[in-house]
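Novice: 3D, please:
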Amino acid sequence: MEFSIATLLAQFVDGKLVAGKNLEKKLGCEDEESINKLQITLDALEKIGVLVKERGKYRRIYEDDVVEAKLRCSSKGFCFAIQDEDNADDIYVRESHLSNAWNGDRVFVKIIKEGSRRRSPEGEVKLILERSNPSLLATVTNKEEKYHAIPLDDRLLFELDLKQNGQDLEAALEHLVHVSVLRYPLGQHPPLGRVTKVLGSDAEEAADVDIVSCKHDLPQEFPE
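Specialist: Modelled structure (predicted):
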């Protein structure tokens, strides 16, 4: 079973210790691969100080200068982290402090500069809790004999490498396509995607139903 960091951390309440086996059961990790993924995640969260391990069990650590928020970005590269509380300050996040987070992602943000009367507090993304863009609309380009997808949403400031998967990418050049994300940015590696559907030469030619379905990841095929 696939799980997000947000889903994993939701299992920790009231500072109680939780056993790894208990987490496996709650998150539906039944096969060896998913159990290994869970252990890698737990080790990483322990290393960055989100979890602490005591007597073989895990407990969540809370920091006063780290808040949970949702990113809202602009086409100019800067973002604000919007907290869930109505009266909480929006936190300004520079592009260099996004840590590969994208518009709409739910994140932990560490406050690095307190706000003033005229300025918002400033922060940096410490951890990506949940991705909000499993797929996206994009235009296909070819640079240096490699195919890339440029997101239609100008708040997504990156390009994806495209994996050859049987689609005629040459025929899709400069066309509007639906791209599924296979890998999010990892270190110096760019995100990787695959074209799942060619929608048309541009947004004007593409069918409205296809655009809406692809943008919101709605199913387009149903059993009888």
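Novice: what about A101, which SS state?
Specialist: coil (DSSP: H, G, I helix; E, B strand; the rest coil).
Novice: surely it meets L129?
Specialist: No: if you go by Cβ atoms under 8 Å, A101 and L129 don't touch, sitting 9.6 Å apart. In this view, the C-beta of every residue, glycine as well, is placed from N, C-alpha and C.
Novice: where does H216 land on pLDDT?
Specialist: H216 is assigned 76 on the pLDDT scale.
Novice: I'd like to know how far it sits from H178.
Specialist: 11 Å (Cβ to Cβ, to the nearest Å).
Novice: Which of these two has more residues huddled nearby?
Specialist: Per other Cβ atoms under 10 Å, whichever of H216 and H178 has more neighbours is H178, with 24 against 8.
Novice: so the more buried one touches C214, yeah?
Specialist: Yes: between H178 and C214 a contact is recorded at 3.9 Å, counting by Cβ under 8 Å.
Novice: okay, and the common contacts of the two?
Specialist: Residues touching both H178 and C214 by Cβ atoms under 8 Å, 6 or more residues apart in numbering: S135, L137, K197, L199.
Novice: Please narrow these to those residing in strands.
Specialist: S135, L137, K197, L199 (DSSP state E).
Novice: Who are the contact partners of the closest residue to the first one other than its chain neighbours?
Specialist: Spatially, and ignoring its direct neighbours in sequence, S135 is nearest to S180 (4.6 Å; Cβ to Cβ, 6 or more residues apart in numbering). Under the criterion of Cβ under 8 Å, 6+ apart, the neighbours of S180 are P134, S135, G193, R194, T196.
Novice: any idea how far the last one is from V177?
Specialist: In this case it means T196. Counting by Cβ to Cβ - T196 and V177 are separated by 8 Å.
Novice: so how far is K76 from the residue nearest the centre of the chain?
Specialist: By Cα atoms, centre = their mean, the chain has its centre lying nearest to R131, at 2.5 Å. According to Cβ to Cβ, R131 and K76 sit 22 Å apart.
Novice: Same check on R59?
Specialist: In terms of Cβ to Cβ, R59 sits 40 Å off from K76.
Novice: So for these two, which sits in the more crowded spot?
Specialist: R59 (14 against 10).
Novice: element containing that one, please.
Specialist: Following DSSP states H and E, the helix or strand that holds R59 is strand 57-60.
Novice: Check whether D217 really touches S132, as I assumed.
Specialist: No: with contact defined as Cβ under 8 Å, D217 does not reach S132; the gap is 10.3 Å.
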